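Student: Model the structure of this input:
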Amino acid sequence: MATITGPEPLEPRRLMAAAPIAYHIVDLGTLGGGQSYATDISASGRVVGYSLTRGAGYQGFVYDGDSMHALAGAPAGAQSFARGINDRGEIVGETVRGGIRTAFWSTSTSPTLTQLPGGAANAVATAIGDDGQVIGYASATAAAGRQSAMRFGTGAIGDGRALALNDAGVIVGQSAGRPVAFRDGKGRPLVTTGPRTWARGSAQAVNDRGVAAGYLEVGAGARRATVFANGGARLLRLLPGDVTAEAMDVNNSGAVVGTSAGALGMAPRAFVYRGGAIHDLNRAIPSDAGWVLQKATGINDGGRIVGVGVHNGQSRAFLLIPVAQAPPTDPTDPTDPTDPPPPVDLPVDKRPTARLLAGGVLTGNAFTFRVEYRDDEAVNVSQINSEDIEVLGPDGRHWLARLLDVSSTADGTPRVATYRVSAPAGGWARGGTYRLSIRPGEVADLNFNYVKPGTLGTFRGSAEP
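Tutor: Residues are numbered from 1 along each chain as shown. A predicted model of the protein is given here:
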């Protein structure tokens, strides 16, 4: 029998059930028409979006905690759409007339639209930072074609669409169909490690910690809500029964909101991801509320969520207030004493682990051993192969172990792989120590987080001389 040494096994992780969530729901109303859509929420709880009016199409609005107010100042015959609001209450979006989009800006004290100088005929303002920096995208003509990501007042910052920014000035969006961060006049890929480096998708939000959220395309027209951090991408779990999802916003606690849907023809569902679990927001409001929440578009650091759902047969903007926060006297007051401090909840996945199991068998020409792989969700069994484990001999030679078997062909955790190392030419060195190591970029979980490379353990080629 071989003598095997290895790291001490780690204490098994204690899995905790996700805490229940519950919200009060507020119908934000309309500007006289039958439909309204919320697009963003500020730290103080002010909400922006757009609503049908009694006859003039869509008009941008701001909801101040009491009622919905129209944004004035759009050119005659134009519709307006509010897209973003900062913590100072400044609002951005676009007006549309004759197929031409014009980016606008509004102050916090006077909700009147002012045209932004876009330097292009067709421009949309998507977000505004607390320092007043406005981003978006523009094209030379109204016709579909090449678009330029914009920092209004400065000019183009790359090809594509700038969709979100944080207080540090990090701007994210989409370029060439891929999620990017814009810097140095170009869209730089957000995914720089793992096999999803060139996956198509978009970054649609970014928090002040630099964690972005959006989606990646995963084939057959399906998308997965995705969190981008440190050059990697984590695909969030889907709601049960659903096949596609997009993340729309992420707050500074790492809570993510978005929309999820099942097969073609099934109504979408709004979700929140927090505490390592995904929640259908329809299950977090009273069952007799009469709502079907379809898309969550924004979440602030107080945990308040906005979006759109169907209420009494009409598409309506909603505001969700966590039940832990008793409805304040003034919902615009960011210092409401009932607001709990937001939890620290960055949805960054953990690596799977590998452990050399006892019981390896040494023969004259081979050493057979087992490795246990564990993950907080599931080990990707397709990633386990004959290139995982390297052996280093006492004379400096190194070669690979061959995979013999895996305990299950289905993804899951734990999974035990059996490998065999053939003896080198000339046989095992008497009393020599052979080191087994996991190689980088080999065994992964379903989100392609890889086992940390390093030594698993050692064995001796024969009994001591």
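Student: What separation do you get for residue 425 and residue 393?
Tutor: With the distance defined as CB to CB, to the nearest Å, residue 425 ends up 11 Å from residue 393. Any C-beta I mention is one placed from the backbone N, CA and C, and that applies to glycine too.
Student: out of the two, which sits in the more crowded spot?
Tutor: When residue 425 and residue 393 are compared on other CB atoms under 10 Å, the one with more neighbours turns out to be residue 393, at 18 against 6.
Student: Relative to residue 428, how far out is that one?
Tutor: From residue 393 across to residue 428, the span is 9 Å (CB to CB).
Student: and residue 82, bridged to which residues?
Tutor: Taking DSSP bridges as the rule, residue 82 bridges to residue 93.
Student: quick revisit: tell me, what's touching residue 393 and residue 428 both at once?
Tutor: Here residue 393 and residue 428 have residue 434 as joint contacts, going by CB atoms under 8 Å, 6 or more residues apart in numbering.
Student: Let me know the average pLDDT across the host helix or strand of residue 371.
Tutor: Secondary structure from DSSP states H and E places residue 371 in strand 366-374. Strand 366-374 shows a mean pLDDT of 97 in the predicted model.
Student: quick one: the strands in the stretch 201-350 of the chain?
Tutor: Under the criterion DSSP state E, counting those that start in this stretch, the stretch 201-350 of the chain carries strands at the ranges 201-206, 212-219, 222-229, 232-235, 244-250, 256-261, 269-274, 277-280, 291-299, 305-311, 314-322.
Student: now the closest residue to residue 461 other than its chain neighbours, what's its secondary structure?
Tutor: For residue 461, the nearest residue in space outside its immediate sequence neighbours is residue 428; the separation is 3.1 Å by CB to CB, 6 or more residues apart in numbering. Taken by DSSP: H, G, I helix; E, B strand; the rest coil, the conformation at residue 428 corresponds to coil.
Student: looking at it, residue 428 is touching residue 459, isn't it?
Tutor: No. Counting by CB atoms under 8 Å, no contact exists between residue 428 and residue 459, whose distance comes to 9.5 Å.
Student: Show me whatever sits in contact with both of those two.
Tutor: Listed contacts common to residue 428 and residue 459 are 362, 434; contacts here mean CB under 8 Å, 6+ apart.
Student: out of the strands of the stretch 201-350 of the chain, which comes closest to residue 381?
Tutor: Proximity to residue 381 (CB to CB) singles out strand 232-235 among those, at 17.0 Å.
Student: Just give me how far that closest one sits from the chain centre.
Tutor: How far strand 232-235 lies from its chain's middle: 7 Å, per CA atoms, centre = their mean, to the nearest Å.
Student: And that strand, what does it pack against?
Tutor: The helices and strands touching strand 232-235, judged by 3 or more CB pairs under 8 Å, 6 or more residues apart in numbering; DSSP states H and E, are strand 212-219, strand 222-229.
Student: how much does the first one deviate in direction from strand 222-229?
Tutor: Regarding strand 212-219 and strand 222-229, their directions subtend 140 degrees when assessed with axes from the mean of the first three to the mean of the last three CA atoms, to 10 degrees.
Student: Just the buried positions in strand 212-219, please.
Tutor: By neighbour count with 16 or more other CB atoms under 10 Å, strand 212-219 contains the buried residues 212, 213, 214, 215, 216, 217, 218.
Student: Correct me if wrong, but residue 382 is in a helix.
Tutor: Yes. Checked against three-state DSSP, residue 382 lies within a helix.
Student: Can you tell me how far it is from residue 213?
Tutor: The spacing between residue 382 and residue 213, counted by CB to CB, is 27 Å.
Student: now do residue 102
Tutor: Here the criterion is CB to CB. By it, residue 102 lies 28 Å from residue 213.
Student: Residue 33 - nearest residue in space that isn't next to it in sequence?
Tutor: residue 52 is the one closest to residue 33 (CB to CB, 6+ apart), at 2.6 Å.
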